[in-house]
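> Below is the structure, and that's it, no one-letter string:
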């Protein structure tokens, strides 16, 4: 004979079985929820795991690493014992150590580390002292040296342009006038190109800085030649009788250099006048 359970007891057994099946699932869900909460709290920096460094500590460690590298650099350059280098490195390490926030660490690296680097550079260059004032002084000195170099180059360029005839030239010198013999018609009684070339050669040998003939500035490529009764300088006809030659240089030395040719002019009936002048201006060569 089979005994049948009361329906009330059967419902209790079914409920117990269902709870037994759901309980592991609820436990797993609770664990996952707890892990998600922990991960979210860590992401929000609400706590740190054991042994984990914060952002500030990580930045400090980076700052100390930079300081160590600069100290090694100073040691490699044998300037670590230079007082202002030691002070700069000490300031850097102190600024990193005392920084209370990532911003202060960043400021220490941007200011103190740069100063330490500059101090090492100054010490390596052999400067006895280093400071902001010293840096400014060095910059001003460098700017002044560059300006002096530029001024010197400009003066040299001007001097070269004057010597080449490409720029106006003024200074003490002489004005030479070469006349034909009065009523002369023979060749030696006329001022020819060879006479002008000889006068120019004598003037330049006596130190003339520049010269012009008949208003034509003489350059390295200038030409003087006769074309019948006309004298051409730089391919341009010039006034004659007198042929006027100007030269810048020592008036006394230029005058003395023409003494002999003036005497020869006189023997041939020609005339060579030399006028010393405190200022003679030579125009720049103009290509036509």
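Perfect, thanks for sending it. Remember, it's a predicted structure, so these values are computed and weren't measured experimentally.

> how distant is stretch 135-147 from the center of its chain?
12 Å (C-alpha atoms, centre = their mean, to the nearest Å).

> Would you confirm that residue 243 contacts residue 196?
Yes: judged on C-beta atoms under 8 Å, residue 243 makes contact with residue 196 at a distance of 6.1 Å. Bear in mind the C-beta positions are built from the backbone N, C-alpha and C, glycine included.

> and for the two, which residues touch both?
178, 213, 231 (C-beta atoms under 8 Å, 6 or more residues apart in numbering).

> Surely the first one forms part of a strand?
Yes: with DSSP: H, G, I helix; E, B strand; the rest coil as the criterion, residue 178 is assigned to a strand.

> May I have the beta-bridge partners of it?
Beta-bridge partners recorded for residue 178 (DSSP bridges): residue 243, residue 272.

> which ones are touching it?
Contacts of residue 178 (C-beta under 8 Å, 6+ apart): 191, 195, 196, 199, 242, 243, 245, 265, 270, 271, 272.

> re the thing from before, need the shared contacts of residue 243 and residue 196 in TSV with distance to residue 122 and pLDDT, can you?
Putting the shared contacts of residue 243 and residue 196 into TSV (distance: C-beta to C-beta, whole Å; pLDDT from 0 to 100) gives the following:
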residue	distance to residue 122	pLDDT
178	67	96
213	60	96
231	67	93
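
> which one among those residues gets closest to residue 255?
residue 178 (14.4 Å; C-beta to C-beta).

> Quick check: the gap between the closest one and residue 191.
Here the distance between residue 178 and residue 191 works out to 5 Å (C-beta to C-beta, to the nearest Å).

> what is in contact with the two at once?
Among the neighbours of residue 178, those also in contact with residue 191 (C-beta under 8 Å, 6+ apart) are 242, 243, 270.

> Leaving out sequence neighbours, find the closest residue to the first one.
Ranked by C-beta to C-beta, 6 or more residues apart in numbering and with sequence neighbours excluded, the top spatial neighbour of residue 242 is residue 177, at 3.8 Å.

> The one you found is in contact with residue 262, isn't it?
No: here residue 177 lies out of contact with residue 262, judged by C-beta under 8 Å, at a distance of 11.0 Å.

> Compare neighbour counts for those two and give me the winner.
More neighbours surround residue 262 than the other of residue 177 and residue 262, with 17 against 14 (other C-beta atoms under 10 Å).

> How about the secondary structure of that one?
Of the three states, residue 262 takes helix under three-state DSSP.

> so what's it up against?
272, 274.

> now with 6 Å?
Residue 262 sits next to residue 272 when contact means C-beta atoms under 6 Å, 6 or more residues apart in numbering.

> And for the one 4 residues further on?
By C-beta under 6 Å, 6+ apart, the contact set of residue 266 is empty.
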